[in-house]
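quick one, fold the following:
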Amino acid sequence: MLSARPLQEKLALRRDAVGGLLTNVSEAASGDAPVSVRRAAFTALVRLLWRAIFSDNKLGEAAMQELYDYVREAVALVVTPNVSDLFPAVAGADLQGVRRRMAALVARIYQLLDRQIEGRMRARDEFGRGDASSKDMLDAMLDMSEQDDDGGVTMNRDVIRAFCTDLFVAALDTSSNAIEWALAELLQNPRTMNTLQEELRTVLGSKAQVEDSDIDKLPYLRAVIKETLRLHSVVPLVSYRAEATVQVQGYTIPEGSNVLVNVWAIHHNADVWTEPHKFVQERFLKKDVEFFGRNFEFIPFGSGRHMCLGLPLANRMLLAMLGSLVHQFEWELPELERGVDMTEKYGLVLSMASPIHAIAKKKQQ
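Okay, here's the model as predicted:
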């Protein structure tokens, strides 16, 4: 569902999402209003996912605000220290109410999803499954849930709801934060911004958006995205569970253990990266390193069998969104701002402690 072929089939949806982002920013630019970069990116991404999963382009502002609030709250709750997790004697007590709050939050998200799932199931009962060309991700999951045991797949409503929830929480906050970090670095580095704008101007000309066919011709844009994901690892710690007892460098990792991979430390290792705490996008022009899990010094999306399923979508959307924003607009900080506060806020997702609000001015193409 998230592999290259289905994504190519949904190219029109991705174009519409980027187009919607540019329209929203353009409206703000016409009134000289600062743009909340993270929120603008989040809105574009949630509309894309909602349409890709449910074929519904009528997600209202109230529902959008609900999803935004739910995702932000979920990301905060996941990393909230919980005494009940540390002391087995009180494991069932939930002394701080963290599990209770998370359960209530998930229930609210499920209410949003259930309306879509139930409506689709009624439509399928009345009109049938439809042909393959008209199916979306929800249809694909419902098809899988209807297979018998011989089909080798078991997927029920709980699995569908959990998958959709994970997709929204994991994809929306990480990608919108990555866009914000990238633009923050460009605002701090005018030379880098100018070089990127020149590359985009040369390749795109009067085109409004970066498209898949342009990506191979935009090495500087790719380098900026890679350096952003290295310096500001949006998921700084990745959790895995040991499937069997193994020995790693003399340490015994028991089966079932939770193992945290410190992606942030890997990406800031001075033995691998020159000046690891500086934004130097040129390093990726000289070094053939990709983020598909084969170069273990650079794993923003994880590695191995459990690497991020949304990598193909995230890769395309990060390039299209950042490239199009930089190509279409001149960016600057409001007059009262004295530079960008690059303080990091640590959590499940690495975000800016002070989200940027930048002034966008429409270019004359």
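
got the phi/psi numbers for the nearest residue to K10 once chain neighbours are set aside?
Leaving aside its sequence neighbours, K10 sits nearest to A52 (Cβ to Cβ, 6 or more residues apart in numbering; 5.7 Å). The C-beta positions use only the backbone N, C-alpha and C, and glycine is treated the same way. Torsion angles at A52 (phi, psi; degrees, to the nearest 10) stand at phi -70, psi -40.

so L142, which of the three states?
helix (DSSP: H, G, I helix; E, B strand; the rest coil).

who's sitting farthest from the centroid in the protein?
A89 (37.3 Å; Cα atoms, centre = their mean).

what's the pLDDT at that residue?
Predicted confidence (pLDDT) at A89: the value is 76.

look up how far V83 lies from it.
11 Å (Cβ to Cβ, to the nearest Å).

just Q197 next, same as before
Taken as Cβ to Cβ, the span from Q197 to V83 is 51 Å.

more neighbours, these two?
The residue with more neighbours, out of Q197 and V83, is Q197; 18 against 13, by other Cβ atoms under 10 Å.

distance of that one from H327?
Taking Cβ to Cβ, one finds Q197 at 7 Å from H327.

name the element the residue nearest the centre of the chain belongs to?
The residue lying closest to the centre of the chain (Cα atoms, centre = their mean) is S175, at 2.8 Å. Following DSSP states H and E, one finds S175 within helix 157-188.

tell me which residues of that helix are tucked away?
Across helix 157-188, burial judged by 16 or more other Cβ atoms under 10 Å covers 157, 160-161, 163-165, 167-187.

the inter-axis angle of the helix or strand where E199 lies versus helix 157-188?
Secondary structure from DSSP H and E places E199 in helix 190-204. With axes from the mean of the first three to the mean of the last three Cα atoms, to 10 degrees defining the directions, helix 190-204 sits at 110 degrees from helix 157-188.

just the C-alphas of helix 190-204, formatted as PDB.
Extracted C-alpha coordinates of helix 190-204, given in PDB (Å, rounded to 0.1, in the frame of the first residue of the first chain):
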ATOM      1  CA  PRO A 190      21.200  32.600   3.000                       C
ATOM      2  CA  ARG A 191      24.000  31.300   0.800                       C
ATOM      3  CA  THR A 192      22.500  27.800   0.900                       C
ATOM      4  CA  MET A 193      19.000  29.200   0.300                       C
ATOM      5  CA  ASN A 194      20.200  31.100  -2.800                       C
ATOM      6  CA  THR A 195      22.000  28.100  -4.200                       C
ATOM      7  CA  LEU A 196      18.900  26.000  -3.800                       C
ATOM      8  CA  GLN A 197      16.700  28.600  -5.400                       C
ATOM      9  CA  GLU A 198      19.000  28.800  -8.300                       C
ATOM     10  CA  GLU A 199      19.000  25.000  -8.800                       C
ATOM     11  CA  LEU A 200      15.200  25.000  -8.600                       C
ATOM     12  CA  ARG A 201      14.900  27.900 -11.000                       C
ATOM     13  CA  THR A 202      17.200  26.200 -13.600                       C
ATOM     14  CA  VAL A 203      15.400  22.800 -13.400                       C
ATOM     15  CA  LEU A 204      11.700  23.900 -12.900                       C
END
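
elements contacting it?
helix 157-188, helix 219-231, helix 311-328 (3 or more Cβ pairs under 8 Å, 6 or more residues apart in numbering; DSSP states H and E).

can you pull out the low-pLDDT segments for the stretch 101-250 of the chain?
Applying pLDDT under 70 to the stretch 101-250 of the chain flags the ranges 130-133, 146-154.

again, only this time at 90
Residues of the stretch 101-250 of the chain meeting the criterion pLDDT under 90: 102, 105-106, 109, 112, 121, 123-137, 139-159, 162-173, 238-242, 248.
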